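>>> Return atomic coordinates for the entry below.
(4 chains)
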There are 4 protein chains.
Amino acid sequence: MLEPINKKDWRYRVHEIIYEADTPMGKLFDIILLILILLSVIVVMLESVARIGLKYQNIFLVIEWVITFFFTIEYIARVISVKKPIKYIFSFYGIIDFLSTIPLYLSLVFVGSNYLLTVRALRLLRVFRILKVTRYIGEGNKLRKALIESRAKIFIFIFAVLIVAIITGTLMYLIEGEASGFDNIPVSVYWCIVTLTTVGFGDITPVTPVGQFLATFIMILGYGIIAVPTGIVGTRYARNSSEDYVHVNTQSCRNCGIQRHRDDAKFCHNCGDSLNKENITEVNEE
Amino acid sequence: MLEPINKKDWRYRVHEIIYEADTPMGKLFDIILLILILLSVIVVMLESVARIGLKYQNIFLVIEWVITFFFTIEYIARVISVKKPIKYIFSFYGIIDFLSTIPLYLSLVFVGSNYLLTVRALRLLRVFRILKVTRYIGEGNKLRKALIESRAKIFIFIFAVLIVAIITGTLMYLIEGEASGFDNIPVSVYWCIVTLTTVGFGDITPVTPVGQFLATFIMILGYGIIAVPTGIVGTRYARNSSEDYVHVNTQSCRNCGIQRHRDDAKFCHNCGDSLNKENITEVNEE
Amino acid sequence: MLEPINKKDWRYRVHEIIYEADTPMGKLFDIILLILILLSVIVVMLESVARIGLKYQNIFLVIEWVITFFFTIEYIARVISVKKPIKYIFSFYGIIDFLSTIPLYLSLVFVGSNYLLTVRALRLLRVFRILKVTRYIGEGNKLRKALIESRAKIFIFIFAVLIVAIITGTLMYLIEGEASGFDNIPVSVYWCIVTLTTVGFGDITPVTPVGQFLATFIMILGYGIIAVPTGIVGTRYARNSSEDYVHVNTQSCRNCGIQRHRDDAKFCHNCGDSLNKENITEVNEE
Amino acid sequence: MLEPINKKDWRYRVHEIIYEADTPMGKLFDIILLILILLSVIVVMLESVARIGLKYQNIFLVIEWVITFFFTIEYIARVISVKKPIKYIFSFYGIIDFLSTIPLYLSLVFVGSNYLLTVRALRLLRVFRILKVTRYIGEGNKLRKALIESRAKIFIFIFAVLIVAIITGTLMYLIEGEASGFDNIPVSVYWCIVTLTTVGFGDITPVTPVGQFLATFIMILGYGIIAVPTGIVGTRYARNSSEDYVHVNTQSCRNCGIQRHRDDAKFCHNCGDSLNKENITEVNEE
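Now for the predicted structure:
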């Protein structure tokens, strides 16, 4: 009868360490995890740099194994310590945690064919570990909220951009043709998006006067369109983060004569006198 | 006497299928149409890719004929089922529908000269079919509204950009000259717009210190100007989708003479007098 | 004694034609002027295109003389018909009008040396005629107002950009050096502004890892800075063009229960009932 | 007993000249300082231009010594005239002033090895003198305030951009590879930031269809993200410079318990009770 309690107790402690940040152990755990995540991402990035990758191959491998080992334990711990393991496993972070753990194990399977694209892909999967960091960005919610709330508008916006890009792209293909790099419509559409978004790589550029004229038109269009996402997200975002401000009107207090009270003010914030709406002087600034 | 009713009835059913989306048949019709539109656009784009275009030439042709056949029926159906066929034929969507249908028929005429630009142009007309999709974007209205409402401002903005581009372009042509790609004023103006819109292809770039200095000036100018369309559309858009503001018009109350009532106002917000629409003086400011 | 009256009368008619657009003559005058301005600008631009310039040299010259002739008359007419000629001559448009008229006359003086830079500059002066068009853009005022009102902020913004560009430019020069095109600090500063404004020509690009890292930093900085002019002008602009909207609060009418009355509403816009502030139910949505 | 007074008096005068701008001497001092700062920055920039640098080497050296001399005096004066010298020395401007003064002295030490990078770096330190100008930009505060207030949001934004850049960068590296310049992940990440920020140098560009498709995706993403910093800073900035809104804090009224009073509120706007700052419960949300 003691055992289950122990177990429960032990489990509880694990859960506390992993999921709660306010206990000293929990803090320590989070910090170690963060460091390991960033370390592993840095390793993946440096490995890709030829001369560094080869030189420190072994060191990287060791680091990788340490990280993988720790992640493995973490993953298991998370699975066993939560009430609904299945729910966690198939949650966003559950999948991320899993994908962050397996690559090295998989690379063992294909150890012979170490340079195949598939393997490289698998090994690079580790970069997605960076997403684990998002766990620790609480403040990002407002941003995420703004984006989610206006996803419908964003979708339409992107769709509009695509329609414009397809049509203008086709026209550019027709006007410029193979000569100046507009080899086919998909490429022209790609070019149009590069231009509409004001990125402008310059790998493909119109050379004919007509093409340049149309390009000018596309650019100004893109320049105008840029206002829209700003309007969409920006506004929504502004509203979400506008809780620290209140609208004030121009009614003035009879007693102290001060203006700019909040719309729902019943008493003057300056002298505390009642703002009896009947006998205050409305000053309409608009 | 039965016949016309039948006809009317038959016509009515067609109209219902084509123009109403809430009946099962209507839904099905819309879905098929959407798929065919996107399919046809993809075909046009892939056809332009040399190696793919030649390889699957025949398959594409078949698909094209199927789509064209369907579109032909659709077009005819639309024409006969509406009350005012002429009105539809010369409406925006009427023209789009027509242009989406004819290309293949026309290409038959010029079948001998299959690679002439003219024919290619006609075949590419099919890309405009994508515009038919806009029929199904209900949420785009707010966006369209925002753009339409501020078209006057946008026009002025573009005009201002052009004036700046013409003058700075002329100066750049004078300073840089043929040596660094500023071969003539039109090209220089093109370059200025590329720069003002912060696209910056880099196909033409100033090389002289003076030219680079002026370029710097143009860039910062463009960077500042970017704020304006955002201000224009963004604001208007924000307003349209904001709940804290209502649009007010310029009708004035007969009783107290005050203006700027909300569009749906039945009574004056100032004196409570009825705003009998018949006998108020409309002052259209816009 | 008759003569001065005649003169005054004659003068008055000229003034009416030139300065007033609501008389038929005035309208005609404005339209002709607009056409000539645009025509002359097009001529200047086409002249600069080598092959066109030489081919139609004579036609262009004739057009130029016609335009110049008309502008000369216009200028004289303006001078004599205004009350304060001096004031006009040294006004913005006075100078523009003068500069728009003289180039061709001046080119006669240097007719021998037809290809000197000075002369080309003089002839290109005619492009500034485009500024005469601004006379007819009444709606541009709001825009101009927005820019003027926030000029102080814009100046500081530009100044800040310059400081950032000078410092980062110096660092880039130090890191990259001559090898990768950062030949000297002015050029590096030029590159920094190209990058900060997100134009990115790509004529000069960092090649060293450290340089690319710093570049990344500069780009994100510029990306953040872009928000500021939008905030500055955009906001100001929004406010200037916000006269068509009023803020509404959430108080509800006792009688019809409708909400969202304008802040200064005394009576319900829906039922005309008095909005006696004491006994309405405040609904704070925030 | 006289001496200390004199000293104090003398010190006081110095302090007045250096730190106060409203006395004639103070004004003069500031103007001279500004000129010298800008002059020195110009010298540093021109020196870096090879042909100019060598030609006017001596003149530049003289100017440098004059400026350095003046700055030395200024620095000493500032140190001795302030009440808390230590505090000044380690303040932002204290360090700037120090770094602005030493370079030339240090260059004497390494005079033999005049072209070592270290020395060049030291000499270029003088560019940071430009930061001394910020002392004179009073209007910049609002801007600075806007940026500081939203630093948390900006940090998250940058962090989000980096996460996106790292993941997409890795994918691009996988898709494009060495062939098209995506030599390693760091470079790919660099490219992604170049693209996300819509700078688009074009030194590296995708060539494979898949790569171009992903690039398109990244561009539109970046185009959408651009809205966010605008939303963040822009809004905050707008708010700070808007008269229709006041910042409210989270102190709650003891009497009615309502929160969100304006910062300068003396009395509760709801119940009119005094907001005695001593005994209210501050709830700091930020």
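>>> Contact partners for A:His15?
A:Ser81, A:Val82 (Cβ atoms under 8 Å, 6 or more residues apart in numbering or on different chains). The C-beta positions use only the backbone N, C-alpha and C, and glycine is treated the same way.
>>> host element of it?
Secondary structure assignment for A:His15, by DSSP states H and E: helix A:2-19.
>>> what does the stretch 51-200 of chain A put close to chain C?
A:Thr198, A:Val199, A:Gly200 (Cβ under 8 Å from any Cβ of the partner chain).
>>> which residues sit in contact with the first one?
If I follow you right, that is A:Thr198. Counting by Cβ under 8 Å, 6+ apart, A:Thr198 makes contact with A:Met219, A:Gly222, A:Tyr223, A:Ile226, B:Thr197, B:Thr198, B:Val199, C:Thr198, D:Thr198, D:Gly200, D:Tyr223.
>>> what do you get if the cut-off is 10 Å, keeping everything else the same?
Counting by Cβ atoms under 10 Å, 6 or more residues apart in numbering or on different chains, A:Thr198 makes contact with A:219, A:222-223, A:225-226, B:194, B:197-200, B:222, B:226, C:198-200, D:198-200, D:219, D:222-223, D:226.
>>> Show the pLDDT at A:Gly234.
pLDDT, A:Gly234: 55.
>>> Same check on A:Pro4?
So A:Pro4 comes in at 49 (pLDDT).
>>> A:Phe29 too?
Listed pLDDT for A:Phe29 reads 84.
>>> now do A:Ala77
Reported pLDDT for A:Ala77: 89.
>>> How about it: what's its closest non-neighbour residue?
Nearest residue to A:Ala77, sequence neighbours excluded (Cβ to Cβ, 6 or more residues apart in numbering or on different chains): A:Val14, at 5.4 Å.
>>> How much space separates the one you found from chain B?
Distance, A:Val14 to chain B, using Cβ to the nearest Cβ, to the nearest Å: 47 Å.
>>> my guess is A:Ile175 contacts A:Phe182, does it?
Yes: A:Ile175 lies in contact with A:Phe182 (Cβ atoms under 10 Å); the separation is 8.0 Å.
>>> which residues are in contact with both of the two?
A:Ser188, A:Pro206, A:Gly211.
>>> By neighbour count, which of those wins?
A:Ser188 (27 neighbours; other Cβ atoms under 10 Å in any protein chain shown).
>>> in a strand, that's where that residue is, yeah?
No: counting by DSSP: H, G, I helix; E, B strand; the rest coil, A:Ser188 is not part of a strand but helix.
>>> Can you classify the nearest residue to A:Gly181 once chain neighbours are set aside by secondary structure?
Distances taken as Cβ to Cβ, 6+ apart put A:Ile204 closest to A:Gly181, at 4.0 Å, once the chain neighbours are dropped. For A:Ile204, the secondary-structure state derived from three-state DSSP is coil.
>>> Report the separation between A:Ile204 and A:Ile163.
From A:Ile204 across to A:Ile163, the span is 21 Å (Cβ to Cβ, to the nearest Å).
>>> Next: A:Cys271.
60 Å.
>>> Compare those two (neighbour count), which wins?
Using other Cβ under 10 Å as the criterion, A:Cys271 and A:Ile163 rank with A:Ile163 on top: 18 against 15.
>>> So that one: helix, strand or coil?
Applying three-state DSSP: A:Ile163 is helix.
>>> my guess is it meets B:Val133, correct?
Yes: assessed by Cβ under 10 Å, A:Ile163 is found in contact with B:Val133 at 7.3 Å.
>>> still on that earlier bit, so for A:Ile175 and A:Phe182, which residue has more residues nearby?
Regarding A:Ile175 and A:Phe182, a neighbour count based on other Cβ under 10 Å identifies A:Phe182 as having more, with 25 against 21.
>>> any idea which element that one lies in?
Counting by DSSP H and E, A:Phe182 is found in no helix or strand.
>>> List the contacts of A:Phe90.
A:Phe90 touches A:Phe98, counting by Cβ under 10 Å, 6+ apart.
>>> That one and D:Glu64, how far apart?
To D:Glu64, A:Phe90 is 68 Å away according to Cβ to Cβ.
>>> Kindly report the same for A:Ile102.
On the measure of Cβ to Cβ, A:Ile102 and D:Glu64 end up 62 Å apart.
>>> Pick out whichever of the two has more residues nearby.
Counting neighbours by other Cβ under 10 Å for A:Ile102 and for D:Glu64 shows that D:Glu64 has the greater number, 20 against 16.
>>> Make sure A:Leu171 is actually in contact with A:Leu214.
Yes: with contacts counted by Cβ under 10 Å, A:Leu171 reaches A:Leu214, the gap being 6.2 Å.
>>> Quickly list what's touching both of these two.
By Cβ under 10 Å, 6+ apart, the residues touching both A:Leu171 and A:Leu214 are A:Cys192.
>>> Give me the buried positions along the host helix or strand of A:Ile76.
Using DSSP H and E, A:Ile76 sits in helix A:57-81. Of all the residues in helix A:57-81, those buried under the rule 16 or more other Cβ atoms under 10 Å in any protein chain shown are A:Phe60, A:Ile63, A:Glu64, A:Ile67, A:Thr68, A:Phe71, A:Glu74, A:Tyr75, A:Ala77, A:Arg78, A:Ser81.
>>> about what we covered before: pLDDT at the residue nearest to A:Ala77, what is it?
Reported pLDDT for A:Val14: 80.
>>> do A:Ile166 as well
At A:Ile166, the model reports a pLDDT of 89.
>>> Kindly report the same for the one 3 residues further on.
Model confidence at A:Gly169, expressed as pLDDT, equals 91.
>>> likewise A:Val210?
On the pLDDT scale, A:Val210 gets 92.
>>> Give me the phi and psi for the closest residue to it other than its chain neighbours.
Closest residue to A:Val210 apart from its sequence neighbours, by Cβ to Cβ, 6+ apart: A:Ile175 at 5.2 Å. Dihedral angles of A:Ile175 (phi, psi; degrees, to the nearest 10) stand at phi -80, psi -50.
>>> roughly how far apart are A:Ile175 and B:Leu124?
Distance of A:Ile175 to B:Leu124, computed by Cβ to Cβ: 11 Å.
>>> same for the helix or strand harbouring A:Thr216, what does it pack against?
Element membership for A:Thr216, per DSSP H and E: helix A:209-225. Judged by 3 or more Cβ pairs under 10 Å, 6 or more residues apart in numbering or on different chains; DSSP states H and E, helix A:209-225 is in contact with helix A:151-176, helix A:185-196, helix B:151-176, helix B:185-196, helix B:227-229.
>>> Can you tell me how far A:Ile158 is from C:Ala160?
A:Ile158 is 33 Å from C:Ala160, where distance means Cβ to Cβ.
>>> try A:Tyr56
42 Å.
>>> ok, the residue nearest to A:Ile158 when sequence neighbours are not counted - contacts?
Excluding the flanking residues, the one nearest A:Ile158 by Cβ to Cβ, 6+ apart is D:Ile220, at 5.7 Å. Each residue near D:Ile220 by Cβ under 10 Å, 6+ apart is listed here: A:Ile154, A:Phe157, A:Ile158, A:Val161, A:Leu162, A:Ala165, A:Ile193, A:Leu196, A:Thr197, A:Pro229.
>>> By pLDDT, give me the weakest of those residues.
Where pLDDT dips furthest among the contacts of D:Ile220: A:Pro229, at 62.
>>> okay, now the domains of chain A?
Domains of chain A are assigned by automatic domain parsing as A:10-131, A:145-241.
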